[in-house]
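> need a 3D model of the following:
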Amino acid sequence: MPWWCWLVVGLGLLGLEMLTPGGFYFLFFGIASLVLGTLVGAGAGGPVWLQWLLFSVLSVVSLLLIRGPMLVRLQRRPDAAGEVDSLVGELATLLDDLPAGAIGKAELRGTSWTVRNADAQPLRRDQRCRVQRVEGLTLWVRAD
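Numbering: from 1, shown residues only. Model prediction:
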């Protein structure tokens, strides 16, 4: 197969990878095709059967060795829940009167948050209260 065919196939597979949701399968076949196109272009590709064998081996080996660690690395991101959970224990200032168990608004770190009164007693506006837990974007607060 001519070298430029391998490059066209490789670029097509890389384009197909961009159109599919993050499985990273076509990526390795595309890279193997580009590597093989480069080898054939340099005169080191050999006969067609060897080219197909090299393509298969490069694709499968790179898929097995690189895909798993690559997925782990890409999925490991700063845990957003960890940043929000760090609000536990902080003091918020109520923007509304808040009966027991009710939902209202409070200010914390310069931002308005939805809060739920975790106390059995009502909380009053401008009262400082401590964050007990975080559920989604709702802070559970108690009187400080």
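> contacting residues around the residue lying farthest from the centre of the chain?
Largest separation from the mean C-alpha position in the chain: residue 47, at 42.7 Å (Cα atoms, centre = their mean). Contacts for residue 47 (Cβ atoms under 8 Å, 6 or more residues apart in numbering) come out as none. Where you see a C-beta, it was placed from the backbone N, CA and C, and this is true even at glycine.
> return the backbone torsion pair for it.
phi -70, psi 170 (degrees, to the nearest 10).
> roughly how far apart are it and residue 28?
24 Å (Cβ to Cβ, to the nearest Å).
> what of residue 108?
Note on residue 108: its distance to residue 28, by Cβ to Cβ, is 46 Å.
> ok, the two, which is more surrounded?
residue 28 (22 against 17; other Cβ atoms under 10 Å).
> least confident secondary structure element in this protein?
Least confident helix or strand, the chain: helix 80-85 with a mean of 52, by mean pLDDT, DSSP states H and E.
> show me what counts as buried in the strand or helix carrying residue 130.
Assessed by DSSP states H and E, residue 130 sits inside strand 128-135. For strand 128-135, burial by neighbour count (16 or more other Cβ atoms under 10 Å) applies to 129, 130, 131, 134.
> tell me which strands it pairs with, and in which orientation.
Sheet pairing for strand 128-135, assigned by DSSP bridges, gives strand 91-94 (antiparallel), strand 138-143 (antiparallel).
> looking at those, which one is packed in the most?
strand 138-143 (a mean of 19; mean count of other Cβ atoms under 10 Å).
> gap between it and the chain center?
Relative to its chain's centre, strand 138-143 lies at 29 Å (Cα atoms, centre = their mean, to the nearest Å).
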